[in-house]
Each structure stands twice: as structure tokens, then as C-alpha cells.
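Peer 1: Okay, structure incoming, though there's no sequence with it:
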Ligand SMILES: [Fe+2]
């Protein structure tokens, strides 16, 4: 098997390990803040979704490039119950 | 768990931190995204005026995009818009930043590392090195390098292309009044940093200058709008295929099933073979042309395996194993 430079990387130094742990913890906080902020957009997002559904039924949906197809009302999905999650 | 979904994150609202890791002292950084298993990361780094570093190498593939200022690297001077791909183990010349500079710095395989050296590591795949000023030395091309494609008004400059995985690094722009009325997702993770400008997506709202995202595969994004124009740096970690649709409420599992159905229709024999018991290769089937690809960092990261070690033969898919649920 071909060996790669990545295979011979020395173990993390204490300094680097500390850097890694600290930044994992901070990223967790950033992620939580993003989820909270995005949850706060829920009401606004519902309006954006309504507008989108209108646009694709009038001006059309971009199939590829600038090619559009007008979507029929029967093709629109039914909104499921529960929270509209956008961050995963 | 690899990198989490970071979207949107506006880094300009957050302070820099002193970079205390060897090779980076004298600079400050912000983490934009970090792989919590491997340490692979995208950072915004500010090199203070007077920053100097001797020639050296990293144990990870590295990409850099200069946002502002001048960075002397050996005999070259990298200015605003400069992009470089530096393969793991390749020595880069002495770095000097006389008056300060900011850059996106990306370590693709593991945490930031640097050791002093004026010679390439004997295992370095140096032919992968590339270095270009993206603003001056590359033309804008239509965004339709893939099909289905983005709408007119999204232009790209391809900066790096991995021929095996089809991972891309690129500069892109959206013209004023750009609009695309569909929802997209991909098999690849997608990353972007807004150098200048604001664009909008139906899920996340506005992403302004300094806005960033790291979006794992199969997550809905779009429709899209851009009122006054945007220029951004972007990457994918494998092939970019646009699965467009118009159901605002699907989740990544449903999107992945739809992608699998798409594969089934396009390559039914291959799909059947892969899916049937006894033929499944959870660590990738053998490739006679690239027999060692399962030891590549990207494939190992896919399976949550350590990048700083060697994959044992027993873990490499050689056939005859029943399908495992992952
Ligand atoms: Fe996308």
C-alpha cells in the first residue's frame, strides 16, 4: 500500500491537542447559536416558502439553467406537521 | 462526526484569537469550521505586519486564499485573490508578511501542522501543487460546468479540481439581480465564504460579506437571490451534482433516497451489483487503476478512521462481506 505523508504525521503535541479541544468546544457553542438564530426565522421562512410556491406556479421552477417549468397546484407537496428544520 | 452544519456564520461579528500553535505564532485566527474527528479545518487567519516563518511543510494538504495584503512566499508574492493548493509534505519557502494580510487557510486532512524544512518530504505528491492569482490570471466562465446547471448570472473560476473525487475549489460570483427559483442539494459537502456581497437563500436568509457556510451533503438550500452582486470562494469535497426540486420540506434522509433512486435509474446494473448481498464493500470496492485509494485521507475520513495512521488491510473492502449498516 502506498504510504502517504499523512500516514507519518507525528502525534498531536500537547499544545495542538489543547487547541483542538478548545476549538471543538467553541464550535459547539457556535452551532447552538446558529440553530437558535435559525429557529427565530421560522415565521419569516414560512412567508418565503409561500412566495416560492407562488413563483414556481406562475413564473416557473428552474429545471436547469434558465429553463423553467410552471408547476401545477397538484404537484405542490403538502406541508408536513411539525417544525421546518433547516440546520442539521 | 466530521464537520457540523455551520450555516450561516458571519465571522466579521466575532473577534480573532491569538494563534498559539507552532508555526503560526504571530498570527490570529477564527475557526470557520472544524472536523471534530480529524482536526481538518477552515480558518480565517490574520498575519500581523512583521510575521515571518522559516521554510516548512505541513502533514495535511493545505489550501490558501488571500483576502487582502501581501504574503511573500519564497520568491513569490501572493496578493489579494491568490489561491494555492499545497500538498501534504511539500516544503514552502520562507513566509514574510511585511504589512499584514488576511487569508482563508484550509487544512484538509488534519489539524494545522507545520515543521521547519527546506526540503519536500520524500512521500510528498508535489505535482498536485498549484498557485494562481484567481482575480488576475483566470477568466470568469459560465456556471454551467455541470448539468443540471445554475441559472445565468452565477459565474465561476475553477481553481482546483481533484480528478479522482471531482472535488472543486473555485471563485464564484452572482450578478446583481441574480435569481434561481429551485431548491438544491448535493452528494458533496459545500463550503463558501463571501468575500464581498450579500445573497439570500430561502432556508437561511441573507448571507452578507464575511458570511460563511459549511454544509454537509443532502441539505436543502435555495431558492436563491442576490440583489447587488456577490463574490465568494467556494469548495466541494467531491463531485458537485445539482439535485434540483421544489419541495421545501424534505429532509436529508429523503433527499439521499431520491439521490439513490436517481443513481438506480442511471446505472441500474451497477446499483444492483453494489446493493446485492456479498458484493457490498463498505470501505469501497477495489479499483484496479488506483489500488491504494482506500488509504487516501478523504476516504478514511469518510469512515471516521484516523488520518495519521495506516489503514489495516482487513478494513479494506475486498469482497465477500455482508452489508453492514453504518
Ligand atoms: Fe449548492
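Peer 2: Perfect, thanks for sending it. Here the structure is a predicted model, which is why all the values come from computation and not from measurement.
Peer 1: in what helix or strand does residue A:68 lie?
Peer 2: Residue A:68 is part of strand A:67-69 when elements are defined by DSSP states H and E.
Peer 1: what's that strand packed up against?
Peer 2: Under the contact definition 3 or more C-beta pairs under 8 Å, 6 or more residues apart in numbering or on different chains; DSSP states H and E, strand A:67-69 sits against strand A:61-64. In this view, the C-beta of every residue, glycine as well, is placed from N, C-alpha and C.
Peer 1: Sort out which residues of the strand holding residue A:68 are buried, please.
Peer 2: Residues of strand A:67-69 classed as buried: residue A:68 (neighbour count, 16 or more other C-beta atoms under 10 Å in any protein chain shown).
Peer 1: what is the rounded mean pLDDT of it?
Peer 2: Averaging pLDDT along strand A:67-69 yields 98.
Peer 1: and it, which strands flank it?
Peer 2: strand A:61-64 (antiparallel) (DSSP bridges).
Peer 1: tell me which residues of the strand it pairs with are tucked away?
Peer 2: Buried residues in strand A:61-64 (16+ other C-beta under 10 Å): A:61-62, A:64.
Peer 1: Okay, now the unreliable bits of the stretch 51-200 of chain B?
Peer 2: Counting by pLDDT under 70, the stretch 51-200 of chain B contains no low-confidence range.
Peer 1: and residue 76, what does it touch?
Peer 2: You didn't pick a chain, so chain A it is. A:53, A:57, B:246 (C-beta atoms under 8 Å, 6 or more residues apart in numbering or on different chains).
Peer 1: that's the wrong chain, I meant chain B
Peer 2: B:93, B:131.
Peer 1: just residue B:43 next, same as before
Peer 2: B:29-32, B:104-107, B:112.
Peer 1: what residues does the strand holding residue A:68 touch?
Peer 2: Contacts with strand A:67-69, where a contact means C-beta under 8 Å, 6+ apart, come from A:59-63, B:181.
Peer 1: Check stretch B:252-262 too.
Peer 2: Applying C-beta under 8 Å, 6+ apart, the set of residues contacting stretch B:252-262 is A:88, B:185, B:187, B:216-220, B:243, B:245, B:250, B:271.
Peer 1: Can you tell me which of the residues you listed are buried?
Peer 2: Buried, going by 16+ other C-beta under 10 Å: B:185, B:187, B:216-220, B:243, B:245, B:250, out of the contacts of stretch B:252-262.
Peer 1: check contacts around the most centrally placed residue in chain B.
Peer 2: What sits nearest the mean C-alpha location of chain B, by C-alpha atoms, centre = their mean, is residue B:235, with 4.0 Å. The contact partners of residue B:235, taken as C-beta under 8 Å, 6+ apart, are B:63, B:106, B:167-170, B:190-192.
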